[in-house]
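**Q** Curious how this folds, go ahead:
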Amino acid sequence: MLNDNRFIQKLVDNLFVLLKVMRQGAESDATKGGFTIPQKIVMGQLVRHGDLSVKELSQKVGLAHSTVSGIVDRLERKGLAMRIYDPQDRRITKVIITDLAREHFNNRLPHRMFSGIVDAFQKATTEEQIKILDGLTILRQLLDKGE
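**A** As a prediction, the model looks like this:
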């Protein structure tokens, strides 16, 4: 087992490069779409978890309630989110994303966010592509076991 600090550092270094490439894709997309990274993060939580209250969103993204409320206000003005009353308790409002936001997250963003990685992957040989996919599959399985 390679628990040596050199191997761990190599893993971390490679993950930082991947993160940088993904962030560049997300940032260029945010600039083109006219919304900020925090707005994207909030929309991403809504895509993953469904309807959430502002309080729940705040906890998930690690931002203050007032900050998230402001983000939701701006998303509402852009037609990307809506506040609705919770049918079980009308004192609670939930935030939902609109079809426009869902389409953006499911179609446009992943293509831009991962375009640099996909481009590099397509330049790899078949053998290299298989190794990359095998490694990512193993890492994902290990992550899934940890949940």
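**Q** Quick one: the helices in this protein, in order.
**A** Counting by DSSP state H, the chain has helices at residues 5-33, 37-49, 54-61, 65-77, 99-103, 109-113, 115-123, 126-146.
**Q** Is it possible to get CSV of these that adds mean neighbour count, mean pLDDT and distance to residue 87?
**A** To be clear about C-beta, it is placed using only N, CA and C from the backbone, and glycine gets the same treatment. Compiled in CSV, those are given as follows (neighbours: other CB atoms under 10 Å; pLDDT from 0 to 100; distance: least, CB to CB, whole Å):
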stretch, mean neighbour count, mean pLDDT, distance to residue 87
helix 5-33, 13, 77, 31
helix 37-49, 18, 86, 18
helix 54-61, 17, 92, 16
helix 65-77, 17, 94, 19
helix 99-103, 14, 82, 20
helix 109-113, 17, 67, 30
helix 115-123, 12, 89, 40
helix 126-146, 10, 92, 33
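**Q** so which of these gets nearest residue 88?
**A** Nearest to residue 88, of all those, is helix 54-61, at 14.5 Å by CB to CB.
**Q** now the closest one, how far from the chain's geometric center?
**A** 15 Å (CA atoms, centre = their mean, to the nearest Å).
**Q** Need the residues that contact it.
**A** 38, 41-42, 45-46, 49, 52, 64-65, 67-69, 72, 93, 95 (CB atoms under 8 Å, 6 or more residues apart in numbering).
**Q** same thing but at 10 Å, please
**A** Residues outside helix 54-61 that contact it (CB atoms under 10 Å, 6 or more residues apart in numbering) are 38, 41-42, 44-46, 48-49, 52-53, 63-72, 83, 92-95.
**Q** got the angle between that helix and helix 65-77?
**A** With axes from the mean of the first three to the mean of the last three CA atoms, to 10 degrees defining the directions, helix 54-61 sits at 100 degrees from helix 65-77.
**Q** Return the distance of the most centrally placed residue in the chain relative to residue 35.
**A** Among the residues of the chain, the one closest to the centroid is residue 44, at 5.2 Å (CA atoms, centre = their mean). Going from residue 44 to residue 35 by CB to CB, to the nearest Å gives 12 Å.
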